[in-house]
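Q: Build the 3D model from these lines:
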Amino acid sequence: MRIIPLFLIPFFGLLSAQSNAQAYTLEPAPKTGPFTTGYKKAIGVKMYPSAISYKSFMTNTKAIEVLGYLTLDGFRATIMIEKYSGFANTEQLSWYIGYGGHLGIWSQEWKINNPTHKAGIAVGVDGILGLDYKLKNAPLNLSLDWQPSFNFVGSSYFESGWAGLGIRYTLK
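A: Sure thing, here's the model as predicted:
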């Protein structure tokens with residue numbers, strides 16, 4: 001029985017990987033997901049509650065969205081990972097589902113019987129389900145979604161009422 005020298009094993013491994021990589025690069029990439037609609041990044045606003053929104057696609061079907069909510073008594077930052085799929089055989093319309101987390105800091109003053117001041121931190125997990133539409137001949141993206149969340153640091157509660165209409169300027 002003949003023994004292969006140990007230094008040749010990585011060489012054959014690289015040769016095998018290179019031949020597989022060449023086979024994959026000869027086939028065209030599938031045309032699915034929001035990249036075919038003409039945008040990779042978008043920045044804008046999301047209403048109810050009001051937020052600044054930034055979305056960036058990592059792949060044809062996965063995006064990261066960062067939301068910054070500002071209120072009179074504090075702020076909340078949310079990061080979501082979203083998975084996109086085509087909807088109704090159209091290029092401009094997609095549906096998405098995702099998950100993420102939030103961190104909020106708030107401060108309230110209660111003046112009912114005696115003046116007190118409360119401040120807190122909120123940490124929790126979020127989900128998202130929505131529709132995404134890219135206008136065909138304009139650098140504009142619209143989305144409509146539902147974003148339930150569960151807060152487990154600070155007050156523990158489930159928030160099911162967050163939903164939003166997003167209007168974003170798209171960047172290539």
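Q: From now on I want contacts and neighbour counts done on CA atoms only, so please keep to that.
A: Will do.
Q: So what sits opposite Lys118 in the bridge?
A: With DSSP bridges as the criterion, Lys118 is bridged to Gln108.
Q: Distance check, it against Gly104.
A: Counting by C-alpha to C-alpha, to the nearest Å, the gap from Lys118 to Gly104 is 14 Å.
Q: For those two, work out which one has more neighbours and name it.
A: Gly104 (20 against 9; other C-alpha atoms under 10 Å).
Q: what are the ranges of the strands in this structure?
A: Per DSSP state E, the chain carries strands over the ranges 41-47, 51-57, 62-71, 74-87, 90-110, 116-134, 140-146, 149-153, 157-159, 163-171.
Q: quick one: low-confidence ranges for this protein?
A: Applying pLDDT under 70 to the chain flags residues 1-38, 109-117.
Q: what about 50?
A: 1-30, 33 (pLDDT under 50).
Q: Setting the sequence-adjacent residues aside, check what's closest to Glu65.
A: Nearest residue to Glu65 in three dimensions, chain neighbours excluded: Lys55, at 4.3 Å (C-alpha to C-alpha, 6 or more residues apart in numbering).
Q: what about that neighbour, neighbour count?
A: Lys55, neighbours per other C-alpha under 10 Å, totals 22.
Q: what's near enough to touch Gln147?
A: Listed by C-alpha atoms under 8 Å, 6 or more residues apart in numbering, the contact set of Gln147 reads Asp126, Gly127, Ile128, Leu129, Ser160, Gly161, Trp162, Ala163, Gly164.
Q: so the residue nearest to Glu65 sits right up against Val45, yeah?
A: No: Lys55 is not in contact with Val45 according to C-alpha atoms under 8 Å; the separation is 10.8 Å.
Q: What residue, apart from its backbone neighbours, is nearest Ile64 spatially?
A: Ile81 (4.7 Å).
Q: Look up how far Lys41 lies from the one you found.
A: Taking C-alpha to C-alpha, one finds Ile81 at 14 Å from Lys41.
Q: got it, and Ala138?
A: Where Lys41 is concerned, Ala138 sits at a distance of 14 Å (C-alpha to C-alpha).
Q: Of these two, which one has the most company?
A: Neighbours around Ala138 and Lys41, counted as other C-alpha under 10 Å, are more numerous at Lys41. The numbers are 20 against 10.
Q: Any idea how far apart the tips of stretch 76-96 sit?
A: The first-to-last residue distance of stretch 76-96 comes to 22 Å (C-alpha to C-alpha).
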